[in-house]
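# Fold the following and give me the result.
(chains A and B)
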Amino acid sequence: MITLDIHKRLRAEGGHMDLQINVRIQSGDWVTLYGPSGVGKTSTLRMLSGFMKPDNGSIVVSDITWFDSVGKVNLKPGLRNIGYVFQDFALFPNMTVRQNLEYARKKGGNGKLLTTVLEMIELGDLQDQKPASLSGGQKQRVALARALVQEPKVLLLDEPLSALDPAMRFKLQEYLLRVHREFKLTTLLVSHDISEISRLSNTVLVLEKGKIIRQGSPTEVLLRHDISGKFKFTGVIISIEKADLMYVVNVLVQEQGVRVIATAEEVSVLKPGDQVMVASKAFNPLIYKLNV
Amino acid sequence: MDWGPIYLTLKLAVATTFILLLVGVPLGNWLSRTTSWWKPIVETLVSMPLVLPPTVLGFYFLIAFGPEQFLGSWIDKWFGIKLVFSFPGLVLASVIYSLPFMVQPIHSGLSSLPNSLLEASQLMGKSKWKTLLKVGLPNIKASLLTGIILSFAHTVGEFGVVLMIGGSIPDKTRVASIAIYEEVEALNYTTAHTYSLLLLALSFGVLLSVYLINGGYLKRFWR
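Model prediction:
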């Protein structure tokens, strides 16, 4: 279990912002930090990993105190047992994929883990390549694998999929889910993508101006409660076209384009790039079995 | 022709470059990481030889390490090293004189590495030294090479400092640049020509190799 009770005054646009996080995270939970940029999501991860020192408070992970401003405890990052997947992947350019993993491996750790992870994340064919020759998605997988061979207690993912296209993102979410099922690591994710959040995490913390303003399951927190739809999906608006008196909104749901009719009034608050929910309550959806 | 000055020049350049590497890596690393108040002062001191006339450096060196001076006599007494008009003195002065040529490329190379690389290594429980040796330095090979070659070339090209503190003792402090000066004074143009041509070829070759290697031209031919 992680008990996080920290405060830090951060410099922000037009003055300062007090980052105040007080939360308990159960072992094996997958928690997402959600909110606009500059609300302290990455700072929270950095304080948890020891790269940023909170002004006061405490961080206790599985009964070990990582940080305590009163007791003057501040464990070094290397002793905290954290797997961190950085936004820019942070792969060592001078080492091959395998060497990256071997460098990360714990001394006296599980010898078979490296092979298991290589197989699980399907990196076997890439193991002798240098990071420069890998695609974005491949780099991402290597970064994840490298975090895993550290045998961490806590896995921190800082917008790990934000640099990838939607199709690749979807595929990598599969890997992340597989890893979470297998290793049952307590995971903290920073993400802006609602479909990603609802797919991966079981708890969402919504941050605003350095404070948690809402928390709960993704459905509770991110979706509007007053719709009891027969089905509902979240997606992103690609474009809005005018068609006679009505408007057609093109929404990308997962990897599929959906056309939705909307009135001028509804469209007035929408713009391309907005995250939306597409729901239907009047019609019963049809189900077809796919032969895959 | 006397090969002594050429041999001495190369010996001085190799010794200086080697010591500079040992000094420059920790110093460049410190400059790239620190947020200390001392940083601008250290940066200034490191860069001083770029703007200071070599004679000024040589003059203060004489003042500090002359045999009648406190520091000079103390070092002679305890370490048995005379730093004025001797080879060790030339090496020390050259190290100071070429310091910016080693420290600056290493400093800027390490600063340009993403912070996350070093943080990732730290999270894996590696010490700062191990991180520097396994992650930092291997990823700034081009900067290291630039530092090594420039320090070497700059030491070969030294004149003022050597003249001030080394004089012209054959096989001790009479490096090629000094030898050329003396041969010209003595109107031995043939010898002066030979030394000059050798230095010209050496400088051209050394600098060309930097641009060939760092520009990736050699790799293109090897593949």
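# Where does A:Trp66 sit: helix, strand or coil?
strand (DSSP: H, G, I helix; E, B strand; the rest coil).
# and A:Leu286, that one's in a helix?
No: applying three-state DSSP, one finds A:Leu286 to be coil, outside a helix.
# quick one, what contacts it?
Contacts for A:Leu286 (CB atoms under 8 Å, 6 or more residues apart in numbering or on different chains) come out as none. Bear in mind the C-beta positions are built from the backbone N, C-alpha and C, glycine included.
# how far away is it from A:Ser280?
Plainly put, A:Leu286 is 11 Å away from A:Ser280 if you go by CB to CB, to the nearest Å.
# Point out the residues in chain B that sit beside chain A.
Taking CB under 8 Å from any CB of the partner chain as the criterion, chain B approaches chain A at residues B:114, B:116-117, B:119-126, B:134-135, B:138-139.
# buried subset of these?
Neighbour counting with 16 or more other CB atoms under 10 Å in any protein chain shown marks B:116-117, B:119-126, B:134-135, B:139 as buried within the residues of chain B next to chain A.
# quick one on the thing from earlier: and the residues of chain B next to chain A, which of them are in helices?
Counting by DSSP state H, the part of those found in helices is B:Ser116, B:Leu117, B:Glu119, B:Ala120, B:Ser121, B:Gln122, B:Leu123.
# JSON lines for the residues you listed, including pLDDT and distance to A:Lys271?
Below are those laid out as JSON lines (pLDDT from 0 to 100; distance: CB to CB, whole Å):
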{"residue": "B:Ser116", "pLDDT": "91", "distance to A:Lys271": "33"}
{"residue": "B:Leu117", "pLDDT": "92", "distance to A:Lys271": "38"}
{"residue": "B:Glu119", "pLDDT": "91", "distance to A:Lys271": "37"}
{"residue": "B:Ala120", "pLDDT": "92", "distance to A:Lys271": "38"}
{"residue": "B:Ser121", "pLDDT": "93", "distance to A:Lys271": "43"}
{"residue": "B:Gln122", "pLDDT": "91", "distance to A:Lys271": "42"}
{"residue": "B:Leu123", "pLDDT": "90", "distance to A:Lys271": "40"}
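# Now for A:Asp244, how many residues are close by?
6 (other CB atoms under 10 Å in any protein chain shown).
# part of a helix, is B:Tyr60?
Yes: assigned with three-state DSSP, B:Tyr60 falls within a helix.
# Now for it, how many residues are close by?
By other CB under 10 Å, 14 other residues sit near B:Tyr60.
# what does A:Asn74 give?
14.
# ditto for the one 5 residues further on
Using other CB under 10 Å, A:Leu79 has 12 neighbouring residues.
# Need the pLDDT of it.
If you check A:Leu79, the pLDDT there is 87.
# is it true that it touches B:Met124?
No: using CB atoms under 8 Å, A:Leu79 is not in contact with B:Met124, being 11.2 Å away.
# Leaving out chain neighbours, which residue sits closest to residue 210?
In the absence of a named chain, this looks at chain A. Leaving out its chain neighbours, the residue that sits closest to A:Gly210 by CB to CB, 6 or more residues apart in numbering or on different chains is A:Leu19, at 4.0 Å.
# you looked at the wrong chain, it should be chain B
Closest to B:Val210 by CB to CB, 6+ apart is B:Ile149, at 4.7 Å.
# Settle this for me: the one you found is touching B:Ser209, isn't it.
Yes: B:Ile149 is within contact range of B:Ser209, at 6.9 Å (criterion: CB under 8 Å).
# Mind checking which of those two has more residues around it?
Higher neighbour count among B:Ile149 and B:Ser209: B:Ile149, with 20 against 13, using other CB under 10 Å.
# buried ones in the one helix or strand the more buried one maps to?
Taking DSSP states H and E as the definition, one finds B:Ile149 inside helix B:141-156. Residues of helix B:141-156 classed as buried: B:143-144, B:146-156 (neighbour count, 16+ other CB under 10 Å).
# With only the CA atoms kept, save it in CSV.
Extracted in CSV, the C-alpha atoms of helix B:141-156 (Å, rounded to 0.1, in the frame of the first residue of the first chain):
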residue,chain,number,x,y,z
LYS,B,141,32.1,10.2,-27.6
ALA,B,142,32.1,12.9,-30.2
SER,B,143,32.6,15.6,-27.5
LEU,B,144,35.3,13.5,-25.8
LEU,B,145,37.2,13.1,-29.1
THR,B,146,36.9,16.9,-29.8
GLY,B,147,38.2,17.6,-26.4
ILE,B,148,41.2,15.2,-26.7
ILE,B,149,42.2,16.4,-30.2
LEU,B,150,41.8,20.1,-29.5
SER,B,151,43.8,19.9,-26.3
PHE,B,152,46.5,17.9,-28.1
ALA,B,153,46.6,20.4,-31.0
HIS,B,154,46.5,23.4,-28.7
THR,B,155,49.5,22.1,-26.7
VAL,B,156,51.4,21.4,-29.9
